[in-house]
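# Provided below are the primary sequence and the corresponding predicted coordinates.
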Amino acid sequence: MAKLYFYYASMNAGKSTNLLQADFNYRERGMATMLWTAAIDDRGGAKGDDFAIESRIGLHAQAQRFDPTTDLWSRVKDVHAVQPLSCVLVDEAQFLTRDQVWQLAKIADEAGIPVLCYGLRTDFQGELFEGAAALLGIADSLVELKAVCHCGRKATMNLRVDQSGAAVKAGQQTEIGGNDRYVALCRKHFSEAMA
């Protein structure tokens with residue numbers, strides 16, 4: 001039976017790298033996959049290429065982009081009818097809507113295709129993202145990937161910083177950025193920075 005997986009972590013834990021490795025493993029065996037990432041995160045495409053998923057260590061791949069209106073069930077079902085898929089992989093899964101998470105569960109349950117989702121659990125204020133909350137609630141398998149705080153402890157929080165490196169304590173839940181905007185910290189150092 002196919003399952004819905006959620007691999008979650010703070011920033012800089014290797015989520016995209018893990019997704020790309022899983023995709024490579026399927027493709028190396030001659031199996032078809034379908035990759036998805038959030039349309040809101042255009043960092044890969046903004047670099048002048050057509051790579052939608054790019055890891056910090058230089059791995060990259062093309063992917064379909066979803067936004068809140070994308071019907072993942074229909075899109076995956078249509079592709080699967082033409083070329084049977086062995087796996088669906090979703091990067092930036094925190095940006096999924098609750099309905100889209102249920103569509104991914106339907107892909108696993110009814111189409112029999114494993115779905116591997118990778119994303120953040122919480123935002124820069126320690127609040128759950130909608131997609132992460134839904135995945136934490138219904139995924140068959142939850143896997144926490146490890147990032148490391150500057151103190152050596154496990155980083156579980158995402159601190160948003162301004163241009164001078166000071167903590168940002170208020171703002172929109174979503175602001176796209178990498179190491180220039182976010183620092184992965186343990187809860188202790190996150191709490192100290194937000195005090």
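Perfect, thanks for sending it.
# correct me, but residue 161 touches residue 184?
No - using C-beta atoms under 8 Å, residue 161 is not in contact with residue 184; the gap is 11.4 Å. To be clear about C-beta, it is placed using only N, CA and C from the backbone, and glycine gets the same treatment.
# Could you check how many residues crowd around residue 119?
The number of residues packed near residue 119 is 24, by other C-beta atoms under 10 Å.
# And the closest residue to residue 141 other than its chain neighbours, which helix or strand is it part of?
Of all residues not flanking residue 141 in the chain, residue 5 sits nearest, at 4.6 Å (C-beta to C-beta, 6 or more residues apart in numbering). Using DSSP states H and E, the element containing residue 5 is strand 4-9.
# got the contact list for that strand?
Residues from elsewhere that reach strand 4-9 (C-beta atoms under 8 Å, 6 or more residues apart in numbering): 15, 18-19, 93, 104-105, 108, 114-121, 132, 135-136, 138-147.
# With stretch 160-170 instead?
124-125, 159, 171, 175, 177, 181-183, 193-194.
# Going by neighbour count, list what's buried in that stretch.
Under the neighbour-count criterion of 16 or more other C-beta atoms under 10 Å, stretch 160-170 has 160-161, 167-168 buried.
# quick check, nearest of those to residue 88?
Nearest to residue 88 among the buried residues of stretch 160-170, counting by C-beta to C-beta, is residue 160 at 30.0 Å.
# For that closest one, which three-state class applies?
Three-state call for residue 160 (DSSP: H, G, I helix; E, B strand; the rest coil): strand.
# one step back: ok, which pair from the contacts of stretch 160-170 is furthest apart?
So, these by C-beta to C-beta: farthest apart are 177 and 194, at 17.6 Å.
# that older thread, out of the contacts of stretch 160-170, who's nearest residue 60?
residue 177 (18.2 Å).
# Across the sheet, point out what pairs with the closest residue to residue 135 other than its chain neighbours.
Nearest residue to residue 135 in three dimensions, chain neighbours excluded: residue 6, at 3.9 Å (C-beta to C-beta, 6+ apart). On the basis of DSSP bridges, residue 6 is bridged to residue 117, residue 142.
# And residue 54, by the same measure?
Bridge pairing for residue 54 - DSSP bridges - gives residue 60.
# Next, count neighbours for it.
Residues near residue 54, counting by other C-beta under 10 Å: 22.
# Might one say that it is in contact with residue 60?
Yes - if you go by C-beta under 8 Å, residue 54 and residue 60 touch, sitting 4.2 Å apart.
# any idea how far residue 186 is from residue 193?
Per C-beta to C-beta, to the nearest Å, residue 186 is found 11 Å from residue 193.
# Which one's more surrounded, these two?
Using other C-beta under 10 Å, the more surrounded residue of residue 186 and residue 193 is residue 186, with 20 against 17.
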